[in-house]
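> what follows is a predicted structure for the sequence shown.
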Amino acid sequence: MAHDKLAKLANELGLKTKARKAHHATAHAPRTVAEESAEARELMLFGTNDSSLYHSREVPIIKNLQGKIASGKYDSEKSVALWKYWAEDAAKRYAKEFGGSGTWNVMFPPAARTEVARAMRDRFEAEQRTPTRRKG
């Protein structure tokens with residue numbers, strides 16, 4: 001029964017459901033910061049707490065993906081590509097602010113940036129599943 005509700009919600013959000021039957025709701029369960037590598041954790045914490053990155057990258061990505069959901073064209077795996085742009089920009093800003101012994105792409109290797117992009121995708125999808133409360 002719970003699987004049917006999840007499948008219906010995924011269908012409403014336009015999420016691909018072919019692989020969901022095998023591992024049900026845990027397919028894209030949001031990961032906690034503790035489950036990520038040290039680089040990914042640092043990048044995620046920095047990026048989610050940078051207000052200029054939020055306004056310049058995160059908000060436009062969210063609006064884009066919400067439009068895809070509304071039109072039924074949302075693809076969970078393709079959304080990771082958008083979040084990779086966010087992760088790359090966060091890595092560049094981190095390197096600029098804190099410097100260090102390497103460049104941004106050495107400080108945050110592709111695997112860490114992809115890990116962060118997937119975590120951001122998971123967070124976005126979890127937020128889209130949560131109904132908004134209306135005041136009144």
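Perfect, thanks for sending it.
> next SSE after the least confident helix or strand in the chain by mean pLDDT?
Lowest on mean pLDDT, DSSP states H and E among the helices and strands of the chain sits helix 20-23, with a mean of 38. Stepping forward along the backbone from helix 20-23, the first helix or strand reached (DSSP states H and E) is helix 38-48.
> tell me what that following helix is packed against?
Counting contacts by 3 or more CB pairs under 8 Å, 6 or more residues apart in numbering; DSSP states H and E, helix 38-48 is packed against helix 76-98, helix 110-129. In short, each C-beta sits where N, CA and C put it, glycine included.
> how about those helices, which one is nearest residue 40?
Nearest of the helices and strands packed on helix 38-48 to residue 40, taken as CB to CB: helix 110-129 at 4.1 Å.
> that closest one vs helix 38-48, what angle?
Between helix 110-129 and helix 38-48, the angle comes out at 50 degrees (axes from the mean of the first three to the mean of the last three CA atoms, to 10 degrees).
> let me know the angle separating helix 110-129 from helix 76-98.
Using the same axes, to 10 degrees, helix 110-129 lies at 120 degrees relative to helix 76-98.
> before we move on, back to that, how about the helices and strands packed on helix 38-48 in CSV, adding distance to residue 67 and mean neighbour count?
CSV is the format used below for those (distance: least, CB to CB, whole Å; neighbours: other CB atoms under 10 Å):
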stretch, distance to residue 67, mean neighbour count
helix 76-98, 12, 18
helix 110-129, 12, 19
